[in-house]
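Undergrad: would you be able to build a 3D model of this:
(chains A and B)
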There are 2 protein chains.
Amino acid sequence: MQDFNHQQLDDLIHSRIRLAIMSVLVTLDEAEFNFLKEKVQTTDGNLSIHLSKLEEAGYVAVTKQFVGKKPVSSYKLTRKGRKAFETYVDRLEAMIKRP
Amino acid sequence: MQDFNHQQLDDLIHSRIRLAIMSVLVTLDEAEFNFLKEKVQTTDGNLSIHLSKLEEAGYVAVTKQFVGKKPVSSYKLTRKGRKAFETYVDRLEAMIKRP
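TA: Residues are numbered from 1 along each chain as shown, chains lettered A, B, ... in the order given. Prediction:
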């Protein structure tokens, strides 16, 4: 039975930018900030805000390192984030399945 | 090549309630307001607001009839709405495709 209940979709993931971030991260071990920015096509500020939300939710983990004198942040999905993304995608696919 | 550009996703469709509405309508010739409300699991007010946005975009058409003394509104996807939904789903599926 197809489920169209909009509340079934995790709002933390559904925002377009966060969905794009999660979709990149699920394909990779980890990704640097600038790489994500290019893939997702957004600004530094927006990307930071949405990455913070995903971190707060425990979906994404960040590692900060210095490469020379330059700080580099790398992001990866946590186990919880990967599970949440899988649930989200399953529900989304059930919802949008065309006749 | 997988596309993670979040702007590729039609914002008019991406809102969870509107996505749920479109997902119901794409499976049907038309649907009455109360049927949509039950499927999408939202309030009268919210459903009205989002249906109006979809109407304004030309994605949904409404027919108003009286059944006895009771006004009944029926909604269906327009050709433009169906095309927009197909484009949205194609792009979404390309984005969320898991490795």
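
Undergrad: what does chain A put close to chain B?
TA: Neighbours of chain B within chain A, by CB under 8 Å from any CB of the partner chain: A:2, A:4-7, A:9, A:11, A:14, A:16-17, A:19-20, A:23-24, A:26-27, A:39-42, A:86, A:89, A:92, A:95-96, A:98-99. C-beta: built from backbone N, CA, C; applies to glycine.

Undergrad: buried ones among the residues you listed?
TA: With burial judged by 16 or more other CB atoms under 10 Å in any protein chain shown, the buried subset of the residues of chain A next to chain B is A:4, A:6, A:9, A:14, A:16-17, A:19-20, A:23-24, A:26, A:39-42, A:89, A:92, A:95-96.

Undergrad: any weak-confidence spans in chain A?
TA: Chain A contains residues with pLDDT under 70 at A:1-2, A:98-99.

Undergrad: what segments of it are helices?
TA: For chain A, the helices defined by DSSP state H cover A:11-14, A:16-25, A:33-40, A:44-56, A:79-96.

Undergrad: grab the CA positions of the second one and hand them over as CSV.
TA: In other words, helix A:16-25. Extracted C-alpha coordinates of helix A:16-25, given in CSV (Å, rounded to 0.1, in the frame of the first residue of the first chain):
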residue,chain,number,x,y,z
ARG,A,16,17.0,20.5,-0.8
ILE,A,17,20.5,21.4,0.3
ARG,A,18,20.6,18.8,3.1
LEU,A,19,19.3,16.2,0.7
ALA,A,20,22.0,17.1,-1.8
ILE,A,21,24.7,17.0,0.9
MET,A,22,23.5,13.6,2.2
SER,A,23,23.3,12.2,-1.4
VAL,A,24,26.9,13.2,-2.0
LEU,A,25,28.2,11.8,1.3
